[in-house]
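**Student:** Return atomic coordinates for the entry below.
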Amino acid sequence: MDNFRFCVGTDIRFGKERLAELPEVLAEYGKKVLLVYGGGSIKKNGLYDKIQRLLKDFEIVELAGVEPNPRLTTVKKGAALCREQQIDVILAVGGGSTVDCSKVIAAATFYEGDPWEFIKDRQYVGKALPLVDILTLAATGSEMNRGAVISNWDTNEKIGVGGWEMLPKVSFLDPENTFTVSKYQTAAGSADILSHLFENYFKNTEGTDVQDFVAEGLMKTVIKNCPIALVEPNNYDARANLMWASTLALNGLTGSGKGGAWSCHPIEHELSAYYDITHGIGLAILTPRWLKYVLNEKTATKIAQYARNVWQVTESVDELAARIGIQKTYDYFKACGIPMTLPEVGIDEEKFELMAQQAVKHSDIENSAYVPMTAADVVGILQDCLIESSYL
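**Tutor:** Next up is the predicted model:
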């Protein structure tokens, strides 16, 4: 296990009817609030009106319309509002995209220059506005980490950035706020959670039993509860388990102490940078193909461990057990209603070469991924995503 720093100071307020605490939480930072949200679902489900009533003694400035893949233009707009209106605290209400956008707004408010500069550097060092969030979708884990992903639509780039000051101060996690999430987004969010766990699980660092066994437990939690939530959207326990699994999957618990680059995320970032598809859907399509690509004599043991511990595969031969596990992963995503080929989400092979080159350029997958990949390898994985696949 590698050396690491684990310091996650987000105050989690989990459970039903916790929003009564929101005024007291925000008042600690000031009275002028930038309310950030996405496409308006919080108005349809009544959450917007509830927040307005709770914050009647606050001065609220609104930034609506955050995109599913949040854009640099929205970050700049939000930072300008914060400076012009002398905002004290940001309140992000929505899923990971809204929280990600708000994190970078919080940093960009104090950054002298184009925020794309520090985004391209992958890290922000400096002051940021305090951020509080109300989560409405279990997916990214952004509510308890210091990372964010922003898209530059002018350059077709989607890049992750992090900074210690971008960590949310307080996160309100009420599973009831996810009851109205569609089946498609519930499945996509669950695939995103699983991908975060896979990315940390499949690394070359040895001696990480704590991280790996916690990850396996979280994987089984998602696998169990997503189908329940799809059939029973108001099932509190299913939604609660998905929400908490999402948070724990990417707060450092399963990744700290493990080195190396992520593999599927850099590839998917190019898919959504060029085609603006739902992040979790792209990850679900890529993951089984990537697992097939990395399966070899060296990796078979770990993939077989995943198959046995998560899917209860009983096959004693590692390579066969691994293939069964990959097939079960593919079949699970498909059973959740996720389209499992790129043409189903409107993507053909026209930009494969370009996206593969960009995936290598914007990450370290060529050198430090679980199994290093060249641009040609990425093209091969993308080509596998064009048709239905079998792994047995």
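**Student:** Now do the same contact list for the closest residue to Ala249 other than its chain neighbours.
**Tutor:** Excluding the flanking residues, the one nearest Ala249 by Cβ to Cβ, 6 or more residues apart in numbering is His196, at 4.4 Å. For glycine as for every other residue, the C-beta is placed from the backbone atoms N, C-alpha and C. Contacts for His196 (Cβ atoms under 8 Å, 6 or more residues apart in numbering) come out as 140-141, 249-250, 254.
**Student:** Which of those residues ranks first by neighbour count?
**Tutor:** Of all the contacts of His196, the highest neighbour tally under other Cβ atoms under 10 Å goes to Ala249, namely 31 neighbours.
**Student:** what separates that one from Lys56, distance-wise?
**Tutor:** 36 Å (Cβ to Cβ, to the nearest Å).
**Student:** again, but for Ala20
**Tutor:** Relative to Lys56, and taking Cβ to Cβ, Ala20 is found at 13 Å.
**Student:** Give the bridge partners for the closest residue to Asn69 other than its chain neighbours, please.
**Tutor:** In space, Asn69 comes closest to Ser151 once its chain neighbours are excluded; the distance is 4.6 Å by Cβ to Cβ, 6+ apart. Beta-bridge partners of Ser151, counted by DSSP bridges, are Arg71, Lys158.
**Student:** by contact count, what packs against the longest helix belonging to the chain?
**Tutor:** The helix that spans the most residues within the chain, counting by DSSP state H, is helix 209-231. On a contact count with 3 or more Cβ pairs under 8 Å, 6 or more residues apart in numbering; DSSP states H and E, helix 209-231 meets helix 183-201, helix 236-249, helix 300-311.
**Student:** Which among those helices is found nearest to Phe172?
**Tutor:** helix 236-249 (11.0 Å; Cβ to Cβ).
**Student:** Any buried residues in that closest one, and which?
**Tutor:** Using 16 or more other Cβ atoms under 10 Å as the test for burial, helix 236-249 gives 238-249.
**Student:** again with stretch 249-261
**Tutor:** Quick answer for stretch 249-261 (16+ other Cβ under 10 Å): 249-258, 260-261.
**Student:** Next: stretch 194-213.
**Tutor:** Neighbour counts over stretch 194-213 (16+ other Cβ under 10 Å) mark 194-203, 208, 211-212 as buried.
**Student:** so for that stretch, what's the average pLDDT?
**Tutor:** Per-region confidence: stretch 194-213 scores 97 on mean pLDDT.
**Student:** Kindly export that stretch (C-alpha atoms) in PDB.
**Tutor:** Taking C-alpha atoms only, stretch 194-213 is exported to PDB below (Å, rounded to 0.1, in the frame of the first residue of the first chain):
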ATOM      1  CA  LEU A 194     -19.600   1.100 -10.100                       C
ATOM      2  CA  SER A 195     -17.100   2.600 -12.500                       C
ATOM      3  CA  HIS A 196     -15.500   4.700  -9.700                       C
ATOM      4  CA  LEU A 197     -15.200   1.500  -7.700                       C
ATOM      5  CA  PHE A 198     -13.700  -0.400 -10.700                       C
ATOM      6  CA  GLU A 199     -11.200   2.300 -11.500                       C
ATOM      7  CA  ASN A 200      -9.800   2.200  -8.000                       C
ATOM      8  CA  TYR A 201     -10.100  -1.600  -7.600                       C
ATOM      9  CA  PHE A 202      -8.200  -2.500 -10.700                       C
ATOM     10  CA  LYS A 203      -4.900  -1.000 -10.000                       C
ATOM     11  CA  ASN A 204      -1.400  -2.500  -9.600                       C
ATOM     12  CA  THR A 205      -0.700  -1.500  -6.100                       C
ATOM     13  CA  GLU A 206      -0.400  -4.500  -3.800                       C
ATOM     14  CA  GLY A 207      -1.400  -5.100  -0.200                       C
ATOM     15  CA  THR A 208      -4.600  -3.000  -0.400                       C
ATOM     16  CA  ASP A 209      -7.100  -5.500   1.200                       C
ATOM     17  CA  VAL A 210      -9.000  -2.800   3.100                       C
ATOM     18  CA  GLN A 211      -9.600  -0.700   0.000                       C
ATOM     19  CA  ASP A 212     -10.500  -3.700  -2.200                       C
ATOM     20  CA  PHE A 213     -12.800  -5.400   0.200                       C
END
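**Student:** mind checking how far it is from the chain centre?
**Tutor:** In terms of Cα atoms, centre = their mean, to the nearest Å, the gap separating the centre of stretch 194-213 from the centre of its chain is 16 Å.
**Student:** Also stretch 22-38?
**Tutor:** 24 Å.
**Student:** Figure out the length between the terminal residues of that stretch.
**Tutor:** 20 Å (Cα to Cα, to the nearest Å).
**Student:** Repeat that for stretch 368-377.
**Tutor:** Termini of stretch 368-377 sit 14 Å apart (Cα to Cα).
**Student:** Tyr111 falls within a strand, correct?
**Tutor:** No. Counting by DSSP: H, G, I helix; E, B strand; the rest coil, Tyr111 is not part of a strand but coil.
**Student:** how much space between it and Asn367?
**Tutor:** Distance from Tyr111 to Asn367, by Cβ to Cβ: 30 Å.
**Student:** So for the two, which sits in the more crowded spot?
**Tutor:** Neighbour totals were compared for Tyr111 and Asn367, and Tyr111 leads with 17 against 11 (other Cβ under 10 Å).
**Student:** In contact with that one: list those residues for me.
**Tutor:** With Cβ under 8 Å, 6+ apart, Tyr111 has these contacts: 79, 117-118, 124, 126.
**Student:** Which of those ranks first by neighbour count?
**Tutor:** That'd be Tyr124 among the contacts of Tyr111, by other Cβ under 10 Å, with 25 neighbours.
**Student:** How about the contacts made by that one?
**Tutor:** Contacts of Tyr124 by Cβ under 8 Å, 6+ apart are 104, 107, 111, 118, 161-163, 165-166.
**Student:** Nearest spatial neighbour of it, chain-adjacent residues omitted?
**Tutor:** That would be Gly163: by Cβ to Cβ, 6+ apart, it lies 3.3 Å from Tyr124.
**Student:** can you check Leu271 too?
**Tutor:** Gly282 is the one closest to Leu271 (Cβ to Cβ, 6+ apart), at 4.5 Å.
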